[in-house]
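K.L.:
okay, here's the prediction I keep looking at, along with the sequence it came from:
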Amino acid sequence: MAKKKRKTKEIKKKLLHKYRLVILNESTFEEKISFKLSRLNVFVSGTIAMIFLIGLTTLLIAFTPLREYIPGYSSTALKRKATELTYKTDSLVTVLNYTNQYLENVRKVLSGDVANNEVNRDSLFEQFKLDPNTVDLTPIKEDSILRAQVALEDKYNLFETEVRDRTLNFFPPVNGMLSNGFNAQEKHFAVDITAAVDSPVKAVANGTVILSEWTAETGYVIILEHGDGLLSIYKHNGKLLKSQGEIVQAGEVIASVGNTGELTTGPHLHFELWSHGNPMNPSDYLDFN
């Protein structure tokens with residue numbers, strides 16, 4: 001026991017024994033700096049300094065881009081980019097293989113090298129050949145209706161029948177007396193309706209204004225498009241109440257009767273009706289009285 005106590009006291013004495021670290025001027029031996037040290041202080045200070053350096057190094061590696069310079073250490077972003085590049089490379093390789101195969105097939109076709117074609121044309125013809133006895137040629141209901149419509153078109157003017165059916169929804173543009181009727185031979189593709197000045201001119205059907213302006217020969221003109229190739233034209237108006245691009249309803253006032261333009265002979269409405277570029281006689285579809 002005595003020996004152990006003696007050894008402990010000696011170790012403690014050595015650890016706590018004071019030393020003095022002096023820094024001298026080499027030429028004059030003047031004391032510049034001095035430190036009082038003990039072995040215990042040096043050990044504790046060195047341990048703390050090592051822990052601090054280890055912690056600082058860990059922080060620098062974990063939270064700064066310096067970690068990317070350490071061999072074997074890769075960031076999540078780099079891994080993600082590497083994965084994306086791998087997928088893109090695989091896709092490009094696949095596209096390149098398809099392109100090479102396509103170019104090879106084109107080369108064979110251009111050079112006439114089709115002798116080694118593995119496709120048996122006779123087997124294809126045999127596979128897709130139909131037996132007429134297995135086909136049901138009984139006409140269906142829709143086919144019968146279509147045949148009836150075609151037969152009607154051959155017998156009558158189906159287009160004109162369509163227009164006549166649509167006139168059921170037409171609205172008279174103005175009420176008055178016909179002063180000049182439709183005459184295709186004289187190229188008068190309209191009817192002239194006499195009416196009092198400033199009488200309202202109405203749209204014959206729902207439509208869109210595609211022209212609303214002044215012309216020297218026909219005065220104030222407004223043209224409506226009603227869909228399915230149908231146009232209605234109103235000329236020699238006194239005033240225009242709708243502008244180009246506006247949508248109007250059947251019976252809505254769009255202008256007023258006037259006597260404008262060089263070709264007018266008095267207050268009246270010059271009304272034209274066109275369907276798919278063909279002039280139609282408005283008297284066949286409208287009653288102006």
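P.N.:
The structure has been received and is ready for your questions. Computed from a prediction, not measured in an experiment: that's the story for all the values here.
K.L.:
any idea which helix is longest in this structure?
P.N.:
For the chain, the helix that runs over the most residues, judged by DSSP state H, is helix 76-111.
K.L.:
tell me the average confidence for that one?
P.N.:
Here helix 76-111 scores 80 as its mean pLDDT.
K.L.:
what's the helix or strand where residue 178 lies packed up against?
P.N.:
Taking DSSP states H and E as the criterion, residue 178 maps to strand 177-180. Contacts defined by 3 or more Cβ pairs under 8 Å, 6 or more residues apart in numbering; DSSP states H and E place strand 177-180 against strand 191-194. Backbone N, C-alpha and C define where each C-beta goes, glycine included.
K.L.:
tell me which strands the strand it packs on pairs with, and in which orientation.
P.N.:
Strand pairing for strand 191-194, determined by DSSP bridges: strand 177-180 (antiparallel), strand 268-275 (antiparallel).
K.L.:
the helix or strand just after it packs against which elements?
P.N.:
Next in sequence after strand 191-194, counting helices and strands by DSSP H and E, comes strand 200-202. On a contact count with 3+ Cβ pairs under 8 Å, 6+ apart, strand 200-202 meets strand 253-257.
K.L.:
name the residues that touch the strand it packs on?
P.N.:
Identification of contacts with strand 253-257 by Cβ atoms under 8 Å, 6 or more residues apart in numbering yields 174, 195-203, 209, 220, 222, 224, 234, 237-242, 248, 267-269.
K.L.:
buried residues in that strand?
P.N.:
254, 255, 256, 257 (16 or more other Cβ atoms under 10 Å).
K.L.:
what angle sits between the longest strand along the chain and strand 268-275?
P.N.:
Assignment by DSSP state E gives strand 230-240 as the longest strand of the chain. Orientation check (axes from the mean of the first three to the mean of the last three Cα atoms, to 10 degrees): strand 230-240 against strand 268-275 gives 160 degrees.
K.L.:
partner strands of strand 230-240 and their direction?
P.N.:
In its sheet, and by DSSP bridges, strand 230-240 pairs with strand 219-227 (antiparallel), strand 253-257 (antiparallel), strand 268-275 (antiparallel).
K.L.:
about what we covered before: would you list the strands paired with strand 191-194 in CSV and tack on mean neighbour count?
P.N.:
Formatted as CSV, the strands paired with strand 191-194 follow (neighbours: other Cβ atoms under 10 Å):
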stretch, mean neighbour count
strand 177-180, 14
strand 268-275, 22
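K.L.:
how about those, which one is nearest residue 8?
P.N.:
Residue 8 sits nearest to strand 268-275 of all the strands paired with strand 191-194, at 122.9 Å, using Cβ to Cβ.
K.L.:
quick one: average pLDDT of the closest one?
P.N.:
94.
K.L.:
where are the low-confidence patches of the stretch 151-289 of the chain?
P.N.:
151-169 (pLDDT under 70).
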